[in-house]
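[1] Show me how the following folds:
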Amino acid sequence: MITDVRRQGGWRWLTALLISCLVVMVAGWHLATATDHAGEQLVAVADASAAMPSAAMPSASHARSATQRRAETKEAGQPQMLAIPRLELKMPIRAVTVDGSGAMALPARPTEIGWYAYGPRPGSAHGSAVLGGHVDSREYGVGPLVGLQQVRRGDEIMIKTTAGAERFRVTAVQLINKQNLDLREVFKRAGEPVLRILTCGGTYRRSGGYQANVIVSARPA
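    Numbers count the residues shown, from 1 in each chain. Below is the predicted model of the structure:
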């Protein structure tokens, strides 16, 4: 009898041990599961807008405003061709950066005009898109920009780009001495969008070349 009791006591002890181990395992499983769900909840909160009920969704007017803002900030196409219809002027546009002296590099041929590729593109939502070219060249002769000073306020300027066409209206035509040229204003990155077209003008001196710049400024039409 004593042997049976001991055996029964041993089984009871073993059963209790197994139950306690099972409880520990189940508790650990619940803890691990709770930790995983906590991580999922953070993701869900971060992406709550995707599961937002219709009553909490933005109104149609807000959606249109968001669409307009995205359209305004969409990157304009790379410029390819400049046209000033009243002057019957057409010039291919080449992307340029800076030369060895740190100035804006210009295409060698006066029949081409450069776009300053470190700045905004024509049609961008902010800042100055700058085009510049030689008025003439000893090697290639006189180019179309010789008539740039004849542009008038209100004239249309068209820029063909890889994304379509951008239209502008001339707001100012200036002849500015190179020493008085405000480069920060010409090449500004912020503010209202503006197109600037530059070439040389004014008095020509053999020792220093042209003494001024012709600058045409235009706003999006």
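[2] Could you list the low-pLDDT ranges of the protein?
    Scanning the chain for pLDDT under 70 picks out 1-74.
[3] Helices along that one, start to end?
    Here the chain has its helices, by DSSP state H, at 2-46, 60-73, 183-186.
[4] per the record, what domains does the chain have?
    2-57, 75-220 (automatic domain parsing).
[5] can you redo those domains as JSON lines with mean neighbour count?
    Where you see a C-beta, it was placed from the backbone N, CA and C, and this is true even at glycine. Conversion of the domains of the chain to JSON lines gives the following (neighbours: other Cβ atoms under 10 Å):
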{"stretch": "domain 2-57", "mean neighbour count": "9"}
{"stretch": "domain 75-220", "mean neighbour count": "17"}
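[6] quick one: the strands in this structure?
    For the chain, the strands defined by DSSP state E cover 79-84, 89-96, 113-116, 128-132, 136-137, 141-142, 156-161, 164-177, 194-205, 209-220.
[7] neighbouring strands for the fifth one, and are they parallel or not?
    In its sheet, strand 136-137 lies beside strand 141-142 (antiparallel), with partners assigned from DSSP bridges.
[8] Contacts for the partner strand, please.
    Strand 141-142 has contacts (Cβ atoms under 8 Å, 6 or more residues apart in numbering) with P110, V135, D136.
[9] So T199 sits against V135, correct?
    Yes - judged on Cβ atoms under 8 Å, T199 makes contact with V135 at a distance of 4.7 Å.
[10] Next one: the closest residue in space to G133 that isn't next to it in sequence relative to G208, how far apart?
    Spatial nearest neighbour of G133, chain neighbours left out: I113 (3.8 Å); criterion: Cβ to Cβ, 6 or more residues apart in numbering. Separation of I113 from G208 (Cβ to Cβ, to the nearest Å): 23 Å.
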